[in-house]
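A.B. asks: Need a 3D model of the following:
(chains A, B, C, D, E and F)
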Protein chains: 4
Amino acid sequence: MVRLKTEDKREAILKATLLLVNSNGFHAAPMSKIATNAGVSAGTIYLYFQNKEDLVNTLYRELKAKFSGHALYGFNPEAPVKKGFEVIWNNILRYKLSEPDEATFIEQCDNTPMVTDASREVGLKAVQPLYDLWERGQQEGIIKPLCRPMLYAFSLFPMIYVAGIYTKEGKELSREAIDAAFGASWDAIRT
Amino acid sequence: MVRLKTEDKREAILKATLLLVNSNGFHAAPMSKIATNAGVSAGTIYLYFQNKEDLVNTLYRELKAKFSGHALYGFNPEAPVKKGFEVIWNNILRYKLSEPDEATFIEQCDNTPMVTDASREVGLKAVQPLYDLWERGQQEGIIKPLCRPMLYAFSLFPMIYVAGIYTKEGKELSREAIDAAFGASWDAIRT
Amino acid sequence: MVRLKTEDKREAILKATLLLVNSNGFHAAPMSKIATNAGVSAGTIYLYFQNKEDLVNTLYRELKAKFSGHALYGFNPEAPVKKGFEVIWNNILRYKLSEPDEATFIEQCDNTPMVTDASREVGLKAVQPLYDLWERGQQEGIIKPLCRPMLYAFSLFPMIYVAGIYTKEGKELSREAIDAAFGASWDAIRT
Amino acid sequence: MVRLKTEDKREAILKATLLLVNSNGFHAAPMSKIATNAGVSAGTIYLYFQNKEDLVNTLYRELKAKFSGHALYGFNPEAPVKKGFEVIWNNILRYKLSEPDEATFIEQCDNTPMVTDASREVGLKAVQPLYDLWERGQQEGIIKPLCRPMLYAFSLFPMIYVAGIYTKEGKELSREAIDAAFGASWDAIRT
DNA sequence: GATGAATGAGCCTTCATTCAT
DNA sequence: TATGAATGAAGGCTCATTCAT
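C.D. replies: Residues are numbered from 1 along each chain as shown, chains lettered A, B, ... in the order given. Down below sits the predicted model:
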């Protein structure tokens, strides 16, 4: 095993955690296996993370942050509402499809008590621009007067879910399917 | 501890499992604790279930079956498409709101390797009438030509997700909110 | 399951124990399985035997007694030493070959702490006539002046061992092989 | 408790297993007790052995190997048949008497399903020189034309059995008794 | 006598975490 | 920093035995 530099070790540990958890759930990711797969000693993990919970939460937060970064890429807050929504919608879909491992991990974490509520909220802040966009759309009478969770549930959540299914089964999402999905998302929330 | 009759014990074990898993995930539901909470000895569980996996899967299947029963209550296959969809949509929502524990458990199970694929597929068969309904709607040109997973993702999944959030936070879903949610669901899939 | 009479139940339990222990050792013979195989309830065993140890020891003693009965069949204490020895030797061999299950069980028991020393000694008393025969042979100068355990070890034990091997492998012992074996047995202890 | 070095721990675990199994059979040798007696934590055993079966089989194989080494010590394949046999016979007896614990353990293992057939066969290969010796003896007309298991059963098995008895009862085997036993062994198989 | 549901101690094994090196 | 042997609590499961029916 090649000797890794400090930063690389931290990354290797995070990567090993990601893959192991994805492959069979938290149940299949003991610290010892994470260490082995990361090419690192068991004790070493504790030099970089306080404990397993910290390791998982750290990974979760980093991925969420990365995800948020992608989501707003090229987004212009002043563009028309539908246009802005389309940009973010596509960004998110593209991320889910191009980084299926990370997407899977985030989903896994959304259903485990190992990830704290504090961690879960971290990602939300970054989406503020999206909230602002919806609000503007509502003021302009373009978007249905639904509460935030509902807007999310009807316009982004379904797409994320569908992307997960296709990824899991190894299928491709065709251009037509994607357009149709966007149509459904938009129809759900537009007035 | 009052002596329970056989059938009651089985039920008590299932109930204890449900609550324990809901409260903190599978991690927080060791057989010993399930036994204690069910007012039963650890060994007794194995009189009713082969092992932990069997216990969880049995519970999952029973709840899925119950859920399916509710979903189609009062559904008339020959009614107009929108009407039929509305009936099922409301049935599901009502179930999610009235049996939040069961709903939460089913969600937990959808993300654990402890539940087998075989178990997961059991529930799907019961929804055939819904699939038929969608198909009829597509033939009549009323429903968008989306694949099944997408139809599900846009019309039922969001509502289930929202109901979960409200339940978790102890809030009530107002009549208006429900109507609005149905509107969004229908708009998402109708042409 | 046909209803058995009291005596039959006792026998059925003993028989089930014998077969189960033989098939895979004591490890594979839990009381519950013995009960099932005997067509009897678990609790019933305790009507006939104090506990598992008692059950096994009782079976062991009965088999030993039966074995002893066979060993001396047709034996004439006044016949010539070699003739007498030959009768007993052949009796034992015949028993081992005709009742391989019982023979196997006895061997199993000779190596488990479940069978008490008291039980082990039970069988020995019955062989007193054999001891007397050897003693007479020694007085007559026909038999080597070895201690009893040695006489047993060289003249009967090997044959029992060999019979066990042939039985286990399902082979037949030919007449010639038997004669040869007797020759070796006799040569070992005769002067 | 003094801190042992790695190799010592492995040995301590094996030794504890040996003694515990000998004292009361496998039934009396739970992993927890083995650990305690070895001055080691329960989990530590699993650093050196995969599981209980592996532990027992490893010990069995090591003892068998050691035994085989002793058996052929000083054996000259070209010496006269009787001389060669005498050497091996005495080697084995000496081992049985000087290492009674190991001898007892091997016997215990020969009757438990915990020891795999693969393990049992390991020891047999080492005895090839003895088989060759017997064959030469038969060709020279010195040894009876018996099959291998019989030769073993009549010439070595009895002695092992007797040694076990004496050891168990704490008695000494006198020089005369040993000589007499060898005489019986040799008489049994020689022509 | 007979049943079999119920018990609970005990077994094997895993794994997060520590600490001497 | 880094290691990895060591720990020991905890988990899932089995099974001899009891007892209300």
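
A.B. asks: Domain parsing of chain A, as residue ranges.
C.D. replies: A:1-49, A:57-189 (automatic domain parsing).

A.B. asks: Let's have those in JSON lines, adding mean neighbour count.
C.D. replies: All C-beta atoms are positioned from the backbone trio N, CA, C, and that covers glycine. Output for the domains of chain A, formatted as JSON lines (neighbours: other Cβ atoms under 10 Å in any protein chain shown):
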{"stretch": "domain A:1-49", "mean neighbour count": "16"}
{"stretch": "domain A:57-189", "mean neighbour count": "17"}
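
A.B. asks: Chain A against DNA strand E: which residues are in contact?
C.D. replies: Proximity of chain A to DNA strand E is confined to A:His27, A:Ala29, A:Pro30, A:Met31, A:Ser32, A:Ala42, A:Gly43, A:Ile45, A:Tyr46, A:Asn51, A:Lys52, A:Glu53 under the rule Cβ under 7 Å from any atom of the strand.

A.B. asks: The residues you listed: which two are farthest apart?
C.D. replies: A:His27 and A:Gly43 (22.8 Å; Cβ to Cβ).

A.B. asks: what about the helices in chain A?
C.D. replies: Assigned helices in chain A, in chain order: A:6-24, A:31-38, A:42-48, A:52-71, A:81-98, A:100-109, A:117-125, A:128-139, A:148-155, A:157-169, A:175-189 (criterion: DSSP state H).

A.B. asks: of all the ones you listed, which lies closest to C:Leu130?
C.D. replies: With distances scored as Cβ to Cβ, the stretch of the helices of chain A nearest to C:Leu130 is helix A:31-38 (61.9 Å).

A.B. asks: where does chain A dip in pLDDT?
C.D. replies: Chain A contains residues with pLDDT under 70 at A:1-5.

A.B. asks: Point me to the residue of it nearest chain D.
C.D. replies: Proximity of chain A to chain D (Cβ to the nearest Cβ) peaks at A:Ser32, 11.2 Å away.

A.B. asks: Verify the contact between that residue and A:Gly43 for me.
C.D. replies: No. A:Ser32 lies out of contact with A:Gly43 (Cβ atoms under 8 Å); the separation is 10.6 Å.

A.B. asks: Return the residues of chain A in contact with chain B.
C.D. replies: A:24-28, A:107-108, A:111-114, A:144-147, A:149-150, A:153-154, A:157-159, A:161-162, A:165, A:177, A:180-181, A:183-185, A:187-190 (Cβ under 8 Å from any Cβ of the partner chain).

A.B. asks: near DNA strand F, which residues of chain A?
C.D. replies: Counting by Cβ under 7 Å from any atom of the strand, the residues of chain A that sit close to DNA strand F are A:Thr6, A:Lys9, A:Val40, A:Ser41, A:Ala42, A:Gly43, A:Thr44, A:Tyr46, A:Leu47.

A.B. asks: let's go with 6 Å and repeat that
C.D. replies: Within reach of DNA strand F by Cβ under 6 Å from any atom of the strand, chain A has these residues: A:Thr6, A:Lys9, A:Val40, A:Ser41, A:Ala42, A:Gly43, A:Thr44, A:Leu47.

A.B. asks: By proximity to DNA strand F, which residue of chain A wins?
C.D. replies: Nearest residue of chain A to DNA strand F (Cβ to the nearest atom of the strand) works out as A:Gly43 at 1.8 Å.

A.B. asks: Run through the residues that contact that residue.
C.D. replies: A:Gly43 makes contact with no residue, according to Cβ atoms under 8 Å, 6 or more residues apart in numbering or on different chains.

A.B. asks: can you check A:Thr116 too?
C.D. replies: By Cβ under 8 Å, 6+ apart, the contact set of A:Thr116 is A:Glu53, A:Asn57.

A.B. asks: and of the residues of chain A next to DNA strand F, the nearest to B:Gly74?
C.D. replies: Nearest member of the residues of chain A next to DNA strand F to B:Gly74, counting by Cβ to Cβ, is A:Ala42, at 58.0 Å.

A.B. asks: Enumerate every residue touching the nearest residue to the closest one once chain neighbours are set aside.
C.D. replies: In this structure, A:Ala42 finds its nearest non-sequential neighbour in A:Ala35, 4.4 Å apart by Cβ to Cβ, 6 or more residues apart in numbering or on different chains. Residues in contact with A:Ala35, defined by Cβ under 8 Å, 6+ apart, are A:Ile13, A:Ala16, A:Ser41, A:Ala42, A:Thr44, A:Ile45.

A.B. asks: any idea how far the nearest residue to the first one once chain neighbours are set aside is from DNA strand E?
C.D. replies: With sequence-adjacent residues excluded and distances taken as Cβ to Cβ, 6+ apart, A:Ile13 is closest to A:Ala38, at 4.6 Å. Remark: distance between A:Ala38 and DNA strand E (Cβ to the nearest atom of the strand, to the nearest Å) = 13 Å.

A.B. asks: Now do A:Ala38 against chain C, distance only.
C.D. replies: Using Cβ to the nearest Cβ, to the nearest Å, A:Ala38 is found at 41 Å from chain C.

A.B. asks: ditto for A:Glu172
C.D. replies: With Cβ to the nearest Cβ as the criterion, A:Glu172 and chain C are 53 Å apart.

A.B. asks: picking that back up, turn the domains of chain A into a markdown table, including distance to C:Lys96.
C.D. replies: Below are the domains of chain A laid out as a markdown table (distance: least, Cβ to Cβ, whole Å):
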| stretch | distance to C:Lys96 |
| --- | --- |
| domain A:1-49 | 53 |
| domain A:57-189 | 62 |
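
A.B. asks: and of these, who's closest to C:Asn57?
C.D. replies: Nearest to C:Asn57, of the domains of chain A and by Cβ to Cβ, is domain A:1-49 at 45.5 Å.

A.B. asks: got the residues of chain A near chain D?
C.D. replies: Residues of chain A lying close to chain D (Cβ under 8 Å from any Cβ): none.

A.B. asks: which residues sit in contact with the residue of chain A closest to chain D?
C.D. replies: Per Cβ under 8 Å, 6+ apart, neighbours of A:Ser32: A:Ala42.

A.B. asks: So A:Ala29 sits against A:Leu18, correct?
C.D. replies: No. In this structure, A:Ala29 is not within contact of A:Leu18 by Cβ under 8 Å, at 9.3 Å.

A.B. asks: So the closest residue to A:Lys33 other than its chain neighbours versus A:Asn57, what's the distance?
C.D. replies: Excluding the flanking residues, the one nearest A:Lys33 by Cβ to Cβ, 6+ apart is A:Leu20, at 6.0 Å. Distance of A:Leu20 to A:Asn57, computed by Cβ to Cβ, to the nearest Å: 16 Å.

A.B. asks: repeat for A:Ile143
C.D. replies: On the measure of Cβ to Cβ, A:Ile143 and A:Asn57 end up 34 Å apart.

A.B. asks: again, but for A:Asn24
C.D. replies: From A:Asn24 across to A:Asn57, the span is 20 Å (Cβ to Cβ).

A.B. asks: closest one to B:Arg136 among the domains of chain A?
C.D. replies: domain A:57-189 (18.7 Å).

A.B. asks: now do the same end-to-end measure for that closest one.
C.D. replies: 32 Å (Cα to Cα, to the nearest Å).
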